[in-house]
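J.: 3D model of this:
(one chain, ligands or ions: 2)
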Amino acid sequence: MSDNSKKMRDPASQQALAAAKAAEMATALDRYEAQQPQCGFGQMGICCRNCNMGPCRIDPFGEGPQTGVCGATADTIVARNLLRMIAAGAAAHSDHGRDVAHTFLLMAKGEAKDYTITDELKLRQMAVEYGVEIEGKTSQEIALALGELALAEFGQQEGELKLAARAPEKRQQLWRNLGVMPRGIDREIVECMHRTHIGVDADYRNILRHGIRTALGDGWGGSMIATDLQDVMLGSPVPIRAKVNLGVLSKDKVNIVVHGHEPILSEMIVEAAREPEMLKLAEEKGAKGIQLSGLCCTANEVLMRQGIPVAGQFLQQELAIATGAVEAMIVDVQCLMPALADAARCFHTELITTSPKGRMPGVRHIEFDEEHALDVAREIVRAGIERFPQRRQESVNIPEHTMDLVAGFTAEYVFKLLGGRFRPSYRPLNNGIIEGRLRGVAGVVGCVNPNIQPVDSGHVEMVKELIRNDVLVVQTGCSAIACAKEGLMTPEAAFQYAGKGLQEICETVGIPPVLHVGSCVDNSRILIACSEMIREGGLGEDISDMPVAGAAPEWMSEKAVSIGMYVVGSGIFTVFGTPLPVGGSQAVYDYLTKEMVDEVGAGWAFEKDPVAAARLMIEHMNEKRAALKLRPMMYEPEKTTA
Ligand code: SF4
Ligand code: MSK
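T.: Numbering: from 1, shown residues only. Ligands and ions are numbered 1, 2, ... in the order given. Have a look, this model is predicted:
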């Protein structure tokens, strides 16, 4: 166990790691170790297999070849590889958005009868933004028009993405001048693949600028559409209390774990699992009920809207199975380890894939179908219940640990909350910053990664340092889960960890110092909040003027690269824990960390030490505060840990 405390930060995961070992079940941490040392060429981004004259690699020591067979230099190869990562990340988010838009349209046509319009106000607001005439129209008619327009943004060839108009005017103009305003969501992703094909774009700056454009199409397009249409259809989150960590699994109920990203199916599973008929079936099988919980971003989605407890983040997916208490794990797309199939075989767990895009050999597949969503969900829940009698009680090892959290903060809700019920506006937040009670706002997001151990520490240490320095932190994805497990998402955390200024605000409004704003696609909520802060006034004319910063201390996925690029491209200084794989090109590194500051008003930084990274963010906020001539901070923390 003590060894495990060096691997994973929270005690529940440490216990589950021991259980996995006892069951001779390998985990990602074991496989990570087996992969050492990892390929240096890959880490530096200097291998290329984009054509069959290769694979080629550049000698980083300058003694061997300095170009590929085609003549591509390290700069070209590194930039092209990064662009392909952005393309993949943007594609994942945007395909999620497309599926949501598709379901939304089916709902509007009356063909997806299990879905309804839940947030009428947001429907109308969005419709107006898209130029839909709403006077005298039914909600269904409005939804039909909106759904068609939203879906069309994916295949749009010319013009600008509609929701990019939410950005401050100055930012939009900057994007136009730089030639990075996204024209259509898919178009930019396709162009990434074209440009990086053998013999097309060899200019690293030109390649990277297209990376900005593609990523903006994700943040202000695919992801934003996903978030907003989900809110309209499934309901906009409001603050909700729940529990987190492996201890949410039940000893005597049927445990069904939903894992992946798209809430379209998991919302239906929540509904099905609450049906009396299902609860009766569970009892007949000897269980005391059904315990639903979530992993990764699916967890964040059903947490925010339904208060479903969170079993864990990305690196806890196998550990959930290792508790021996999971009857069924339901997966859809993204961040699902293929290793789950083997893990499930070590126990009685039934792993069920549901998306035609994400199947696993030898694993049961129950395909999701929007037109019969609830029926499919019932079949899945039933499959989980049927497994309960096979649970081997002697193999059950559920860690005791859980933690309380409050989640469900959105751009519309949270900052208005700061203004109170009678004066909903961003003014109090802006004033808090202007008066020096709050230093600024930081978005700490992204994955967990075995290359940062103990896992979760990158997030937790960074966030503690930020709130100690009166920085309000907003979080999504696995980062949010990591900090929730540490207790940072309870209102009481303000008194334990936050600086005095942030504490005062948290106390007045009754919020935690660290706000859970959702899943990875919900990073779009952070972009909207930043734009609203500019509109409110007093913090400059563009997002890049504000004392805000972003971070992904333990990033892992290509989606994180796309997110990082659209956040920086939107004018927000961003620190990643481990560097992007660009070490093989000084020119690319300089473009990302220096030239982008001139071009888009913000740059990237890489810093593995989470407290040092937090200090970089705090320094950046201090500089922005000075440039805006804001008042000095009311309180400074007693001493710094950096
Ligand atoms: Fe080598 Fe150029 Fe082909 Fe890449 S595109 S594999 S660098 S020849
Ligand atoms: S799930 S993308 S591990 S945050 Fe969004 Fe977590 Fe990263 Fe997947």
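J.: center of the protein - which residue?
T.: Residue closest to the average C-alpha location in the chain (CA atoms, centre = their mean): residue 520, at 1.8 Å.
J.: Show the contacting residues for that residue.
T.: 93, 223, 261, 297, 445-446, 476-477, 559, 563 (CB atoms under 8 Å, 6 or more residues apart in numbering). Placement of C-beta: from N, CA and C, glycine included.
J.: Show the pLDDT at it.
T.: We have a pLDDT of 97 for residue 520.
J.: Find the nearest non-adjacent residue to the residue in the stretch 251-400 of the chain that ligand 1 sits nearest to, please.
T.: Going by CB to the nearest ligand atom, ligand 1 is nearest to residue 338 of the stretch 251-400 of the chain, at 26.7 Å. In this structure, residue 338 finds its nearest non-sequential neighbour in residue 360, 6.0 Å apart by CB to CB, 6 or more residues apart in numbering.
J.: Report the contact partners of that neighbour.
T.: Contacts of residue 360 by CB under 8 Å, 6+ apart are 336, 338, 340-341, 351, 353.
J.: mind putting the residues you listed in TSV, secondary structure and pLDDT included?
T.: Shown next, in TSV, are the contacts of residue 360 (DSSP: H, G, I helix; E, B strand; the rest coil; pLDDT from 0 to 100):
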residue	secondary structure	pLDDT
336	coil	98
338	coil	98
340	helix	98
341	helix	98
351	strand	98
353	strand	98
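J.: which is the next helix or strand following the helix ranked longest in the chain?
T.: Determined from DSSP state H, the single longest helix within the chain is helix 74-108. Downstream of helix 74-108, the next assigned helix or strand under DSSP states H and E is helix 120-129.
J.: now that next one, how far from the centre of its chain.
T.: 24 Å (CA atoms, centre = their mean, to the nearest Å).
J.: Stretch 11-30 too?
T.: Averaging C-alpha positions (CA atoms, centre = their mean) puts stretch 11-30 25 Å from its chain's average.
J.: Flag the helix or strand of this protein with the lowest per-element mean pLDDT.
T.: Here the helix or strand of the chain ranked lowest by mean pLDDT, DSSP states H and E is helix 411-418, holding a mean of 74.
J.: Run the angle between that helix and helix 120-129 for me.
T.: Angle, helix 411-418 to helix 120-129, by axes from the mean of the first three to the mean of the last three CA atoms, to 10 degrees: 120 degrees.
J.: what does helix 411-418 contact?
T.: By CB under 8 Å, 6+ apart, helix 411-418 touches 122, 236-239, 409, 424-426, 428-429, 432, 505, 509, 511, 515, 517, 525-526, 528-529, 532-533.
J.: One more pass at 7 Å, please.
T.: Helix 411-418 is contacted from outside by 236, 238, 424-426, 428-429, 509, 511, 515, 525, 528-529, 532, using CB atoms under 7 Å, 6 or more residues apart in numbering.
J.: Kindly present these as CSV, with separate columns for pLDDT.
T.: Formatted as CSV, the entries for the contacts of helix 411-418 read as follows, by pLDDT from 0 to 100:
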residue, pLDDT
236, 94
238, 92
424, 72
425, 83
426, 86
428, 86
429, 90
509, 85
511, 91
515, 96
525, 95
528, 96
529, 94
532, 93
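J.: Just the buried residues of the residues you listed.
T.: When the contacts of helix 411-418 are checked for burial by 16 or more other CB atoms under 10 Å, the buried set is 236, 426, 428-429, 509, 511, 515, 525, 528-529, 532.
J.: looking at it, residue 398 is touching residue 251, isn't it?
T.: Yes: with contacts defined as CB atoms under 7 Å, residue 398 counts as touching residue 251 at a distance of 6.1 Å.
J.: what residues are shared contacts of the two?
T.: Shared contacts of residue 398 and residue 251, defined by CB under 7 Å, 6+ apart, are found at residue 325.
J.: So which of these two has more stuff around it?
T.: residue 398 (21 against 13; other CB atoms under 10 Å).
J.: Helix, strand or coil: sort out that one for me.
T.: On the three-state scheme (DSSP: H, G, I helix; E, B strand; the rest coil), residue 398 is labelled coil.
J.: again, but for residue 259
T.: Three-state call for residue 259 (three-state DSSP): strand.
J.: gap between residue 141 and ligand 1?
T.: To ligand 1, residue 141 is 51 Å away according to CB to the nearest ligand atom, to the nearest Å.
J.: Skipping its backbone neighbours, what lies nearest the closest residue to ligand 1 within the stretch 101-250 of the chain in space?
T.: The stretch 101-250 of the chain approaches ligand 1 most closely through residue 198 (4.1 Å), counting by CB to the nearest ligand atom. Nearest residue to residue 198, sequence neighbours excluded (CB to CB, 6+ apart): residue 51, at 3.9 Å.
J.: That neighbour falls within a helix, correct?
T.: No: assessed with three-state DSSP, residue 51 is coil; it does not lie in a helix.
J.: Could you tell me how many residues sit around it?
T.: As a measure of burial, residue 51 has 15 neighbours, counting by other CB under 10 Å.
J.: That one and residue 77, how far apart?
T.: 12 Å (CB to CB, to the nearest Å).
J.: Enumerate the residues of the stretch 151-300 of the chain near ligand 1.
T.: Contact residues (CB under 6 Å from any ligand atom) of the stretch 151-300 of the chain with ligand 1: residue 198.
J.: at 8 Å instead, please
T.: The stretch 151-300 of the chain comes close to ligand 1 at residues 198-199, as judged by CB under 8 Å from any ligand atom.
J.: Break the protein into its domains for me.
T.: 2-57, 74-234, 246-395, 409-628 (automatic domain parsing).
J.: Take those and lay them out in JSON lines including distance to residue 635.
T.: Output for the domains of the chain, formatted as JSON lines (distance: least, CB to CB, whole Å):
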{"stretch": "domain 2-57", "distance to residue 635": "29"}
{"stretch": "domain 74-234", "distance to residue 635": "30"}
{"stretch": "domain 246-395", "distance to residue 635": "32"}
{"stretch": "domain 409-628", "distance to residue 635": "4"}
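J.: any low-confidence regions in the stretch 351-500 of the chain?
T.: Counting by pLDDT under 70, the stretch 351-500 of the chain contains low-confidence residues at 415-416, 419-423.
J.: How about it: which residue is closest to ligand 1?
T.: residue 451 (26.4 Å).
J.: list the contacts for the residue in the stretch 301-450 of the chain that ligand 2 sits nearest to?
T.: Of all residues in the stretch 301-450 of the chain, residue 447 sits closest to ligand 2, at 3.0 Å by CB to the nearest ligand atom. Residue 447 makes contacts with 314, 477-478, 554-557, 560, as judged by CB under 7 Å, 6+ apart.
J.: residue boundaries of the helices in the stretch 101-250 of the chain?
T.: 120-129, 139-155, 169-178, 185-195, 204-217, 223-234 (DSSP state H, counting those that start in this stretch).
J.: So which bits of the longest one are buried?
T.: Put plainly, it is helix 139-155. By 16+ other CB under 10 Å, the buried positions in helix 139-155 come out as 139, 142-147, 149-151, 153-154.
J.: same thing with the first one?
T.: In terms of neighbour count (16+ other CB under 10 Å), helix 120-129 has its buried residues at 122-124, 126-127.
J.: Just give me the closest of the residues you listed to residue 186.
T.: Using CB to CB, residue 126 is the member of those that sits closest to residue 186, with 20.6 Å.
J.: Isn't that closest one up against residue 227?
T.: No: the pair residue 126 and residue 227 does not pass the contact test of CB under 7 Å, sitting 10.9 Å apart.
J.: Fine by me, we can end here.
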